[in-house]
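[1] what's the 3D shape of this:
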Amino acid sequence: MKQTDKLFLRTENKEGKCTVYVGGELDLESAAQMRAAMTPLVELSDRELIINLRDLRYVDSTGIGILVSVLKARHANNAPFAVEAIPPNIRKLFDMTGITNYLLKQQA
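    Below is the predicted model:
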């Protein structure tokens, strides 16, 4: 995947999962890069899509909007989706906005 000075993306496909590792800053400036990377992956309904935020330092409302858009698109396609390894500062923001439970992997 592409990377700029602000946002780093890496994709790994294995064992029926597509994991996107996101690092750096996900904000208005890097939104187009994130959307471009996620668009083809959202349609892969035959595998689980995981976004790993372990190395994400900052996210703004634009970045949150992208994650919610991916969530909605995956839900519409009945395709599994989750966000993992959420850093504490980002988790706090997700908790305040009420989206944490929607992004975490649901137990069957």
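
[2] shaky segments in the chain?
    Low-confidence segments of the chain (pLDDT under 70): 1-4, 106-108.

[3] could you point out the longest helix of it?
    helix 61-76 (DSSP state H).

[4] what helices and strands are in contact with it?
    strand 17-26, helix 31-42, strand 48-59, strand 81-84, helix 88-97, helix 100-103 (3 or more CB pairs under 8 Å, 6 or more residues apart in numbering; DSSP states H and E). Just so you know, the C-beta spots here come from the backbone N, C-alpha and C atoms, and that holds for glycine as well.

[5] nearest to residue 73, of these?
    Residue 73 lies closest to helix 31-42 among the helices and strands packed on helix 61-76, at 4.6 Å (CB to CB).

[6] quick one: residues in contact with the closest one.
    With contacts defined as CB atoms under 8 Å, 6 or more residues apart in numbering, helix 31-42 is touched by 1-2, 4, 7, 9, 11, 18, 20, 22, 26, 49, 62-63, 66, 70, 73-74, 77, 79.

[7] likewise stretch 86-100?
    53, 54, 56, 57, 59, 64, 67, 68, 103.

[8] again, only this time at 6 Å
    By CB atoms under 6 Å, 6 or more residues apart in numbering, the residues outside stretch 86-100 that reach it are 53, 56, 59.

[9] before we move on, the earlier item: and the contacts of helix 31-42, which are buried?
    7, 9, 18, 20, 22, 26, 49, 62-63, 66, 70, 73-74, 79 (16 or more other CB atoms under 10 Å).

[10] now distance to residue 37 too, for these, in TSV please.
    Output for the buried ones among the contacts of helix 31-42, formatted as TSV (distance: CB to CB, whole Å):
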residue	distance to residue 37
7	9
9	5
18	11
20	7
22	9
26	11
49	12
62	15
63	13
66	10
70	11
73	14
74	15
79	17
